[in-house]
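> generate a structure from the sequence data that follows.
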Amino acid sequence: MQIAAGTAWPSREALSRVGAPPIRKVLDALLSGALALWLVASAYLAEVFHGWLVVLPVLGLVCFLAAVLAFRRWTVARRLVPSLAMLLLFTLLGGGAHAAGADGTAVLLWVLAAVLAVDRLPMAAALCVWAVLSAVVLLANTEEPLAVVVTMGSVLLGGYTLRLDAQARGAGFRMLAQERAARAAEAESAALAERARIAREIHDVLAHSLSAQLVHLEAARLQIEGGYDREQVLRRVVEARSMARQGLAETRQALSALRGQLVPVEDYLRELALDGVRTEVVGEPRLLPAEASQAVRRVAQEALTNARKHAPGADVRMRLEYARDAVTLEVRDDGADAPGTELGASGSGYGLLGMRERAELLGGSLEAGPAASVEGAVGEGPYGSGPPDQFETKGFTVRLRVPA
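Coordinates of the predicted model:
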């Protein structure tokens, strides 16, 4: 673990200085300019460059700046050998300045090389470079060993401080990027969930409307083939048209509900109730969440439709109960079976299954079956050994309970 930590490079975000505020970039540029002027000034103040040699400090500065840019590029790419080659160039430039008699310029070059090494190289390589440069500076200033030790110790601490600062800034930038990615994924997930919810609502509305239309149109076809009179056939066609209009209105209502434009559930149930349907509201009515409201509406609609289909003429009762943290809808028929109806065809078996899935998606439950069995299952969730997937024709009860 320690070996891996010593050979690990700083993060790419830290090496590239990504995420640094503009003021920090301006300060870095000003500091670099000040150091460049310091290098040139120290070389000329040594008064060792005369005649044509006066251009050597400027040429050395150009070489130094080019080497710094190359060093930054190689460290961002995490290439150790080319990076060390650039540091060797710094050391050689310092050696040339020392040989010419510009000791201050030489020490400054070696110190800057040590700072860059500690700041940007893997820690093991950085310490090796720092130790070598410390020895070089000590050999060049044998008369002041204590000053050299203090100076190079300060260089080590300063370079490591810059390294930690860059690492912290890089870590903050990575966290920000991860947070943005998480938010984008969350927004995409929410959009997909909303699309699924809209698709489910529209599917429920259209499936209910189209199945009812199909029953009437099939009855009209059978009547035409059986030679029924025109009035009977026309009545079926008018019923189918009425179902189509109702389906269109319900689709618009579902879209309005998805936009949050909901009418109170109890008002909708009273509008939905026809002759022979009694509606009872228990508890203090309140505005329900959109998904819970839609679940109550769809279950009520499906239960009433199937009650009329499978128990025509039965006395149907709807009971809506507002509890503290949930709402319960119960639709029950008395089991009467009126003769002579033409809508007694069996269902497809998907009505109860779809309602049960809708309730479970909301963390609720749906019980359905003979009235006596549902009465005994209140508060116990779905039936243990296999609830029916189709409506029956005698004394059937549907009970929905969803958090709200």
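> may I have stretch 156-168 as CSV, with CA atoms only?
Output of stretch 156-168 as CSV, limited to C-alpha atoms (Å, rounded to 0.1, in the frame of the first residue of the first chain):
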residue,chain,number,x,y,z
LEU,A,156,10.0,20.4,0.3
LEU,A,157,7.2,21.8,2.5
GLY,A,158,6.2,24.4,0.0
GLY,A,159,6.1,22.0,-2.9
TYR,A,160,4.1,19.5,-0.9
THR,A,161,1.7,22.2,0.2
LEU,A,162,1.1,23.1,-3.5
ARG,A,163,0.6,19.4,-4.2
LEU,A,164,-2.0,19.0,-1.5
ASP,A,165,-3.8,22.2,-2.7
ALA,A,166,-3.9,20.9,-6.3
GLN,A,167,-5.1,17.5,-5.1
ALA,A,168,-7.9,19.0,-3.0
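> list the buried residues for it?
For stretch 156-168, burial by neighbour count (16 or more other C-beta atoms under 10 Å) applies to 156, 159-160, 162-163, 166. To be clear about C-beta, it is placed using only N, CA and C from the backbone, and glycine gets the same treatment.
> show me what the nearest residue to Ala314 once chain neighbours are set aside bridges to in the sheet.
Of all residues not flanking Ala314 in the chain, Asp333 sits nearest, at 3.9 Å (C-beta to C-beta, 6 or more residues apart in numbering). Judged by DSSP bridges, the bridge partners of Asp333 are Val316.
> what segments of this structure are strands?
Using DSSP state E, the strands of the chain run over residues 277-282, 316-322, 326-333, 365-370, 396-403.
> and Met123, how close does it get to Leu164?
Noted for Met123: a distance of 11 Å to Leu164, by C-beta to C-beta, to the nearest Å.
> and Ala187, which of the strands of the chain is closest to it?
When those are compared by C-beta to C-beta, strand 396-403 sits nearest Ala187, at 24.9 Å.
> I'd say Leu15 and Val76 touch.
Yes. Taking C-beta atoms under 8 Å as the definition, Leu15 is a contact partner of Val76 at 4.8 Å.
> please say which of the two ends up with more neighbours.
More crowded of Leu15 and Val76, by other C-beta atoms under 10 Å: Leu15, with 21 against 17.
> which residues are in contact with that one?
9, 72, 75-76, 78, 120, 166, 170 (C-beta atoms under 8 Å, 6 or more residues apart in numbering).
> which among these gets closest to Thr151?
Of all the contacts of Leu15, the one sitting nearest Thr151 is Arg120; the distance, using C-beta to C-beta, is 20.2 Å.
> once you drop chain neighbours, what's closest to that closest one?
Per C-beta to C-beta, 6+ apart, closest to Arg120 is Thr75, 4.4 Å.
> what's near enough to touch the one you found?
Counting by C-beta under 8 Å, 6+ apart, Thr75 touches 9, 15, 83, 120-121.
> restricted to helices, list those.
Those of the contacts of Thr75 mapping onto helices are 15, 83, 120, per DSSP state H.
> out of these, who's nearest Leu59?
Nearest member of these to Leu59, counting by C-beta to C-beta, is Ser83, at 22.9 Å.
> correct me, but that closest one touches Arg73?
No. If you go by C-beta under 8 Å, Ser83 and Arg73 don't touch, sitting 9.2 Å apart.
> show me which of the two is the more surrounded one.
When neighbours are counted by other C-beta under 10 Å, Ser83 and Arg73 differ, and Ser83 comes out ahead with 26 against 14.
> tell me the pLDDT of the more buried one.
In this model, Ser83 is scored at 90, pLDDT.
> from Ala131, how far out is it?
Noted for Ser83: a distance of 17 Å to Ala131, by C-beta to C-beta.
> if we can go back for a sec, can you put the ones in helices among the contacts of Thr75 in a markdown table and add distance to Tyr268?
Shown next, in a markdown table, are the ones in helices among the contacts of Thr75 (distance: C-beta to C-beta, whole Å):
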| residue | distance to Tyr268 |
| --- | --- |
| Leu15 | 63 |
| Ser83 | 72 |
| Arg120 | 68 |
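> brilliant, that's me finished.
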